[in-house]
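> My questions concern the predicted model and sequence given below.
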Amino acid sequence: MVGREARSLVAFYFFYFCALGAFMPYWGPWLASVGQGALSIGILTAAVQFSKVLGPNLWGWLAQGFGSARIVPLAALLTAAGFLALELVRGNFWGLLFITLAFSFFWAATLPLVDATTLDWAEREGRAYGRIRLWGSLGFIALALGMGLLVQIWGLDVFLPGIATFLAVAWWFSRRLPYPPRSSGPERVSLGPQLRDWRLWAFLAAGALEQASHGVYYAFFSIDAQAHGLNAGWVGLLWSWAVICEVLFFWFGERILRRFGLRMVLISAFVLTGTRWLVIAAWPGLIPIFLIQSLHAFSYGAFHLAAVHWIFARFPAYLRSRGMALYASLVYGLGGGLGALAAGWAWGHWGSLWAFAAAGILAWLGLLGLIPALRPLKRGVAAII
């Protein structure tokens, strides 16, 4: 992994996820610090997710005509500007909602298109996607932990400029990525054959439920941890440990998929995700919570790696950016958005115990769509399925 293309991909993922690592643990606390209540935090977190419903599909369609090389850098730059603009409306819910929808819409353009670029490059070069993607997880760890220390020293004033800075660096490297050609297939193409396969919809519905179960975690885990007496440093450490486990899965993930098969990995991911939320609901103490955070390797790492392989195999090369966009929009956008919205309501009405318990049940319900969706393909990646 020494070529310029590999270095650019590694750097983009690292700095992009530095921004995400600063955002995810401290978005809820930052919103609370500017006067937003539980329902407002849930709505604003949902806004980030809902922007991914329309955004990735629109950007995937535009990328087919204009090329990802034009869209990704522009989107990264506008996202950075959006975070800085939040400073102008920090106490106003409607202003926060408008700007959050705007920056999230552009943010939604980047990762699905870069993931499609990386998978295409890895296939051409004989490399493992997971070993490129893990650098994003390392970036997340660096800032989830580092931002906790910065917040302890300087407070949440570092939140917005820190994220904007890392997105600006990601923009710089996005200009150097090995994007595929603008057109590598027929002039007019349709997703019709893929969209008529019921297994695709069953899989996406299952994935949406799995991601919806994360809503309470992303919006309220940091707040819950602080309510149990942990300071910002410990909160950052818990997030970082979770993503360290995710990194380990990405490093060995391709080997695990070949050894156990995509079906077993995905089913395990759903079962262990539900288990994770139920343990957090009970909050048995710092050490058990620290240990249960290791299941992030499955609830995110295993799920995402297996899911992108499953989606990648179902679309021809010239439709893969749109396939990844469809996956991102319905699983992370719709599923994550509904989960965050429900989490805000559940947290306000039920409290932490039942909000996390409901999330665990939601993840297990996803198995009802996942298992039939994973019936063997007649063609494609039989080796890992």
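Sure, I can see it.
> measure residue 50 to residue 352 for me?
From residue 50 over to residue 352 the distance is 24 Å, taken as C-beta to C-beta, to the nearest Å. (C-beta placed from N, C-alpha, C; glycine too.)
> between the two, which one's more packed in?
A count of neighbours by other C-beta atoms under 10 Å puts residue 50 above the other of residue 50 and residue 352, at 24 against 20.
> Report the rounded mean pLDDT for the host helix or strand of residue 193.
When elements are assigned from DSSP states H and E, residue 193 belongs to helix 192-195. Helix 192-195 shows a mean pLDDT of 69 in the predicted model.
> ok, now stretch 301-321?
Averaging pLDDT along stretch 301-321 yields 83.
> Please compute how far it lies from its chain's middle.
What separates the centre of stretch 301-321 from the centre of its chain is 15 Å, taken as C-alpha atoms, centre = their mean, to the nearest Å.
> Stretch 126-133 too?
Computed by C-alpha atoms, centre = their mean, the separation of stretch 126-133 from the middle of its chain amounts to 17 Å.
> Tabulate the CA atom coordinates of that stretch in CSV.
Output for stretch 126-133, consisting of C-alpha atoms alone and laid out as CSV, is shown next (Å, rounded to 0.1, in the frame of the first residue of the first chain):
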residue,chain,number,x,y,z
GLY,A,126,-6.2,-6.8,-6.1
ARG,A,127,-6.3,-5.0,-2.7
ALA,A,128,-8.6,-5.5,0.3
TYR,A,129,-11.2,-2.7,0.8
GLY,A,130,-11.3,-3.3,4.5
ARG,A,131,-7.6,-2.5,4.9
ILE,A,132,-8.1,0.8,3.2
ARG,A,133,-11.3,1.6,5.1
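> List of residues touching that stretch?
Surrounding stretch 126-133, the residues in contact under the criterion C-beta atoms under 8 Å, 6 or more residues apart in numbering are 1, 6, 9-10, 13, 115, 118-119, 121-122, 249-251, 253-254, 305, 308.
> Go again with 10 Å.
The contact list for stretch 126-133 (C-beta atoms under 10 Å, 6 or more residues apart in numbering) reads 1, 3, 5-6, 9-10, 12-13, 17, 114-115, 118-123, 134, 137, 246-247, 249-257, 301, 304-305, 308-309, 312.
> For the helix or strand harbouring residue 98, enumerate the helices and strands it packs against.
Counting by DSSP H and E, the element that carries residue 98 is helix 93-125. Packing partners of helix 93-125 (3 or more C-beta pairs under 10 Å, 6 or more residues apart in numbering; DSSP states H and E): helix 4-33, helix 38-66, helix 68-85, helix 129-154, helix 159-174, helix 303-314, helix 320-327.
> For the stretch 201-350 of the chain, which segments count as strands?
Along the stretch 201-350 of the chain, no stretch is classed among the strands by DSSP state E, counting those that start in this stretch.
> low-scoring pLDDT stretches of it, where are they?
Counting by pLDDT under 70, the stretch 201-350 of the chain contains low-confidence residues at 317-318.
> Repeat that for the stretch 1-150 of the chain.
The model of the stretch 1-150 of the chain has pLDDT under 70 over residues 1-2.
> Can you tell me the centre-most residue of the chain?
Among the residues of the chain, the smallest C-alpha distance to the mean C-alpha position (C-alpha atoms, centre = their mean) belongs to residue 332, namely 6.6 Å.
> From the structure, what's the count of residues near the closest residue to that one other than its chain neighbours?
Of all residues not flanking residue 332 in the chain, residue 52 sits nearest, at 5.2 Å (C-beta to C-beta, 6 or more residues apart in numbering). The tally of other residues near residue 52 (other C-beta under 10 Å) stands at 27.
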